[in-house]
Structure formats: structure tokens, C-alpha cells
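Q: Predicted structure and sequence below. I'll ask about it afterward.
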Amino acid sequence: MNYEEIMTQLILHGGNARGAAYEALDEAEEYKFDAAEKLLEEANDEFLKGHKYQTELIQSQDDQAVPSFFMIHAQDHIMTAQAEIQLIKRMIDQLRTTEKLEKRIEILEK
């Protein structure tokens, strides 16, 4: 796989990972945690696919693999996806706590 194809794969899988993570957050905001977990798994799988290409790039001794705007952009996609997945996991944990508290309040109000 050439340099441009690897960069394209980083962008593709990074974007897919971020998209699935945000879909997971949308589900969790409606307290649909099973669906959210499945989407987080999908996000993680996409991130790992992207990471595979990132590793391939790092290990390559290709003279084309010099820093460029395209490389920086591609690396940014995969690194941002990783950070956002971790943050969204924490947000979903907070939503789980919120749901439990809302249920307790509802019981106490009755």
C-alpha cells in the first residue's frame, strides 16, 4: 500500500471511529446503554483498524513518508478519534449515574 492510500485509510477509520462514538453518546443520552456499548465497540474496532495503518506507516522506510500536511491531517484524525472515544466513554458512565439517580428520585417522590 502506498503512502497516500495509508493516509486515506487513517482518515477513513478515524472518521468512522469518531462517528460511531458520537452515535454511542446519542444512544446513551436516551439511556439506551446496550446500543451505546455496541456502538462503542464499533468505534474501537474502527480505531484499531486505523491504528494498524498508522503502525504500518511508522514501520515503513518509504522515502515518501516524510511529514506533510496530508500526513498531519491523517494523524490528527486517528489521534482525535482515540481521545474522543475515551472522553465519550466517561460521559456515558456519567449518564449511567444520572439515570440511576433519576430513578431513585422518582421512587422517593412517590
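A: Happy to help now that I have it. Numbering: from 1, shown residues only.
Q: how near is residue 28 to residue 94?
A: Distance check for residue 28 against residue 94: by CB to CB, to the nearest Å, it reads 9 Å. In short, each C-beta sits where N, CA and C put it, glycine included.
Q: which regions of the protein lie under the pLDDT threshold?
A: Per-residue confidence for the chain (pLDDT under 70) gives these ranges: 61-66.
Q: now the helices for it?
A: In the chain, the helices defined using DSSP state H lie at 3-29, 33-59, 69-109.
Q: deepest of those, which one?
A: Comparing these by mean neighbour count (mean count of other CB atoms under 10 Å), helix 3-29 ranks first with a mean of 20.
Q: Against which helices or strands is that one packed?
A: Helix 3-29 sits against helix 33-59, helix 69-109, with contacts defined as 3 or more CB pairs under 8 Å, 6 or more residues apart in numbering; DSSP states H and E.
Q: quick one: which of these is nearest residue 24?
A: helix 33-59 (3.6 Å; CB to CB).
Q: roughly how far is that closest one from the heart of the chain?
A: Mean C-alpha position of helix 33-59 versus that of the full chain (CA atoms, centre = their mean, to the nearest Å) differs by 7 Å.
Q: quick revisit: I'd like the helices and strands packed on helix 3-29 laid out as CSV, including distance to residue 4.
A: Below are the helices and strands packed on helix 3-29 laid out as CSV (distance: least, CB to CB, whole Å):
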stretch, distance to residue 4
helix 33-59, 11
helix 69-109, 7
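Q: closest to residue 8 out of those helices?
A: Across the helices and strands packed on helix 3-29, closest to residue 8 is helix 69-109 (CB to CB), at 7.6 Å.
Q: now the closest one, how far from the chain's geometric center?
A: Chain-centre distance of helix 69-109: 10 Å, with CA atoms, centre = their mean.
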